[in-house]
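Undergrad: What follows is a predicted structure for the sequence shown.
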Amino acid sequence: MENDKINTKKTSYLIRRFMPYFRKYKWVLVLDLFCATLTTICDLVLPMIVRYLTDMGMNDIHSLTVRLILSVGALYLVLRIIDLVANYYMANIGHVMGARIETDMRRDLFEHLQDLSYSFYSSTKVGQLMARITSDLFDVTEFAHHCPEEYFIAALKIIVSFSILCSVNVWLTLIIFAIIPIMIFCAMKFNNKMRTAFKKQRNQLGEINAQVEDSLLGVRVVKSFANEEIEEEKFKAGNEGFLNVKKEAYRYMAGFQSTTRLFDGIMYIAVVVAGSLFMMKELITPPDLMAYLLYVVMLLASVRRIVEFTEQFQRGMTGIERFIEVMDEEVEIKDSEDAVELPKVKGEIVFDHASFHYADSQENVLTHINLKINAGDNVALVGPSGAGKTTLCNLIPRFYDVTEGRILIDGTDIRDVTTHSLRSQIGMVQQDVYLFSGTVYDNIEYGKPGASREEILQAARLAGAHEFITQLTDGYDTFVGERGVKLSGGQKQRISIARVFLKNPPILILDEATSALDNQSEQIIQQSLEQLAKGRTTLTIAHRLSTIRGASTILVLDEDGIQEQGNHRELMEKGGLYSQLYNASKTDL
C-alpha cells in the first residue's frame with residue numbers, strides 16, 4: 001500500500017465519505033454554525049454604525065447627542081458580549097467536536113486494522129500505518145471544526161456584504177465582485193498542486209516512521225555489526241527526502257498566498273480609485289464610501305481567512321484520503337452472514353481436497369490435501385523449507401482461507417462458524433514469541449482476560465515458568481520491556497506456553513516452538529509442551545526431528561503435498577524421505 005502512486009481523489013468524494021462522522025454531532029454543529037452567525041452579525045453591524053454616525057455628523061452635527069452616541073455604544077457593547085459567548089462556544093465545544101470525530105475515526109481505523117488479514121500486513125509497513133492512525137488524523141480535528149465554520153462565515157459575509165454594497169452603489173460592487181472569480185480561478189491552480197504535495201509529505205513521513213522503527217527495533221543487530229553509520233545514512237536520506245517534499249509543498253503554498261495577496265491589492269486599488277471617481281461625480285457620498293471601504297476590508301479579511309484555511313483544508317483532505325485508503329482495504333477473512341458459534345469441540349480436523357495459493361500468486365502452495373486428524377491425536381509435520389507446513393497450520397484458524405476444498409472441525413466447515421469462536425478453541429505456540437509491553441502477569445493473562453490470579457499462577461506452574469518468574473526482581477509484576485527484551489528466549493517461550501495453558505484450547509498448534517533455543521532450554525520447553533499437548537489435538541511443526549519421535553502420526557510434506565504418513569518406526573523402516581531427513585538431522589547434531 002505504501003508503494004501506491006500519489007493520486008488524489010476528488011474533494012467532493014472525500015467530503016461525501018467523511019460526512020457520516022458529522023451525523024453523530026449534528027446538533028453540536030448546528031449550534032456551532034448558529035454561533036458563527038452571531039459573530040458574523042456583530043462584524044457586519046460595525047460598518048453600518050460608522051456609516052450612520054458619520055452621515056449624521058456630516059449632514060446635521062447637532063443631531064449627534066451624547067445620549068445617542070452612548071446608546072449606540074451600549075448596543076455595540078451588547079453585540080460584542082454576544083460575540084464573546086458565541087466565540088467561546090466555537091473555540092471550545094467546536095474544537096471538542098472535531099477531536100471527538102478524530103477519536104471516532106481512529107477507533108474505526110484501529111478496529112478495521114484488527115480485521116485485516118495476514119496478507120495485508122505482509123505487504124504494508126507498520127510505520128506507515130502508525131502515521132495514518134496518529135499524525136494523519138491530527139489535522140482532521142482542525143478540519144472537522146473549521147471547515148463548515150469558516151466556509152459558512154465566509155459565505156454569509158459575502159452574501160450580506162454583496163447585498164449591502166449593492167444598496168450603496170451597484171456598479172462599484174460589480175467591479176469588486178468581478179475580481180473575486182478571477183482570484184479564485186488563479187488560486188485553484190496552486191490548490192490542486194498543494195494537495196498532491198501534502199500527500200507526498202504524509203507518505204514520506206510514514207517512510208521515516210517505518211525506517212526509524214526498523215532501525216530501533218533492530219538496534220542490537222546494528223550494534224553487533226557496528227553499522228550505526230549505515231543506519232544514520234539511511235535516516236539522513238529519508239530525512240532529506242522529507243525536506244525536499246516539504247520544500248515543494250511550501251513552494252506551491254507560497255504561490256497560492258502570493259496570488260491571493262496580489263488580488264487583495266487589486267481590489268483595494270479598485271475601491272479607492274473607482275470609489276473616488278464615483279464620489280467626484282456624486283454617485284456615492286463620503287459616509288457611504290467609508291462604510292464601503294469597511295465592508296471591503298471585512299470582505300477581504302474573510303477571503304484571506306479562507307486562503308489561510310486552505311492549507312489546513314488540504315492537510316485535512318490528505319488525512320481523510322489516507323484514512324479512506326486503509327478503510328477501503330478489503331477484509332479477506334470475515335464471517336459469513338449466517339455464521340454460527342462453534343460449540344466446544346472434541347478436536348477432529350479434516351482437510352477435504354484442500355488447496356491454497358496466496359493472493360499475489362496463482363501457484364498452489366498446497367494442492368488437494370486430504371487428511372483426517374482424530375480428536376486427541378498428536379500429529380507432527382516435517383519436510384523441507386517451503387513445503388507448506390506452516391501454511392497448512394495457518395489454514396485451520398482461518399488466518400487464510402483455502403482456495404479450493406474445505407476444512408472441517410468436528411464435521412463443521414470452519415467457514416460456517418464465527419472466526420472468534422473458532423480461534424478461541426485453538427492455541428498456538430510459535431518460534432517467534434511476541435510479548436506485549438507490560439508485566440509477566442499481564443502477558444500470561446492475555447490467554448484468558450479476566451482470569452483469577454490463582455489460574456494464572458497454575459498456568460505458569462504447568463508451563464514450568466513459575467520458578468524463574470518468582471526469582472525475577474518483582475516476580476509476576478516484573479516489567480518485561482518492549483517485546484520481552486528483558487527476558488531470555490527460553491523464559492519468553494515458557495511465558496507464551498503458560499498463556500496457552502491458561503487459554504486451555506482443545507486444539508494446539510506448535511510451530512517450531514523450540515528451534516531457536518539452546519539444548520538445555522529446549523529440553524525444559526519440550527517437557528512443558530508435552531504436558532501442554534496431553535488430551536488435546538496437537539499439530540507440531542518440527543525443526544529437530546528428535547523431538548517428534550513420540551508423535552502418533554508424522555506427515556512428511558514436500559512441494560507436491562503429503563508424501564509419507566505414519567509413526568516414527570514405520571517411516572524409518574520405509575526408508576523414504578523421512579528417513580533421509582531424520583538421518584541428516586542426526587548427522588547435523
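TA: It's in.
Undergrad: So residue 195: helix, strand or coil?
TA: For residue 195, the assignment made with DSSP: H, G, I helix; E, B strand; the rest coil gives helix.
Undergrad: Show me what the helix or strand containing residue 232 packs onto, helices and strands only.
TA: In the assignment (DSSP states H and E), residue 232 maps to helix 228-280. On a contact count with 3 or more Cβ pairs under 8 Å, 6 or more residues apart in numbering; DSSP states H and E, helix 228-280 meets helix 170-217, helix 219-224, helix 286-327. For the C-beta atoms, the positions are set from N, CA and C on the backbone; glycine is no exception.
Undergrad: quick one, which of the ones you listed is packed in tightest?
TA: Among the helices and strands packed on helix 228-280, helix 286-327 has the highest mean neighbour count (mean count of other Cβ atoms under 10 Å), at a mean of 20.
Undergrad: Average pLDDT for that one, rounded please.
TA: Taken as a whole, helix 286-327 has an average pLDDT of 79.
Undergrad: Repeat that for stretch 79-94.
TA: pLDDT averaged over stretch 79-94 gives 90.
Undergrad: which stretches of the stretch 51-200 of the chain aren't confidently modelled?
TA: Applying pLDDT under 70 to the stretch 51-200 of the chain flags the ranges 59.
Undergrad: Relative to residue 432, which of the helices and strands packed on helix 228-280 is closest?
TA: For the helices and strands packed on helix 228-280, the distance to residue 432 is smallest for helix 170-217, at 12.8 Å, taking Cβ to Cβ.
Undergrad: between the closest one and helix 228-280, how big is the angle?
TA: 170 degrees (axes from the mean of the first three to the mean of the last three Cα atoms, to 10 degrees).
Undergrad: quick one, strands of the protein?
TA: For the chain, the strands defined by DSSP state E occupy 349-356, 366-373, 378-382, 404-409, 412-413, 426-430, 507-511, 537-541, 553-558, 561-566.
Undergrad: Just want the angle from the first one to strand 366-373.
TA: Strand 349-356 runs at 180 degrees relative to strand 366-373, counting by the same axes, to 10 degrees.
Undergrad: before we move on, what about the fourth one?
TA: Between strand 404-409 and strand 366-373, the angle formed by their directions is 20 degrees, by the same axes, to 10 degrees.
Undergrad: gap between strand 404-409 and the chain center?
TA: Distance of strand 404-409 from its chain centroid, counting by Cα atoms, centre = their mean, to the nearest Å, is 33 Å.
Undergrad: how about the CA coordinates for it, as CSV?
TA: C-alpha atoms of strand 404-409 as CSV (Å, rounded to 0.1, in the frame of the first residue of the first chain):
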residue,chain,number,x,y,z
GLU,A,404,-10.4,-24.9,-3.1
GLY,A,405,-11.9,-27.6,-1.0
ARG,A,406,-12.7,-27.2,2.7
ILE,A,407,-11.5,-27.8,6.2
LEU,A,408,-13.8,-29.3,8.9
ILE,A,409,-13.6,-29.4,12.7
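Undergrad: and the gap between the residue of the chain most remote from its centre and residue 68?
TA: Note on the chain: the largest C-alpha distance from the chain mean falls to residue 62, namely 68.7 Å (Cα atoms, centre = their mean). From residue 62 across to residue 68, the span is 11 Å (Cβ to Cβ, to the nearest Å).
Undergrad: ok, the residue nearest in space to the middle of the chain - contacts?
TA: Most central in the chain under Cα atoms, centre = their mean is residue 133, positioned 3.1 Å from the mean C-alpha point. Shown in contact with residue 133 (Cβ atoms under 8 Å, 6 or more residues apart in numbering): 106, 109-110, 113.
Undergrad: Next, count neighbours for residue 509.
TA: 24 (other Cβ atoms under 10 Å).
Undergrad: swap that for residue 107, sorry
TA: Residue neighbour count, defined by other Cβ under 10 Å, stands at 10 for residue 107.
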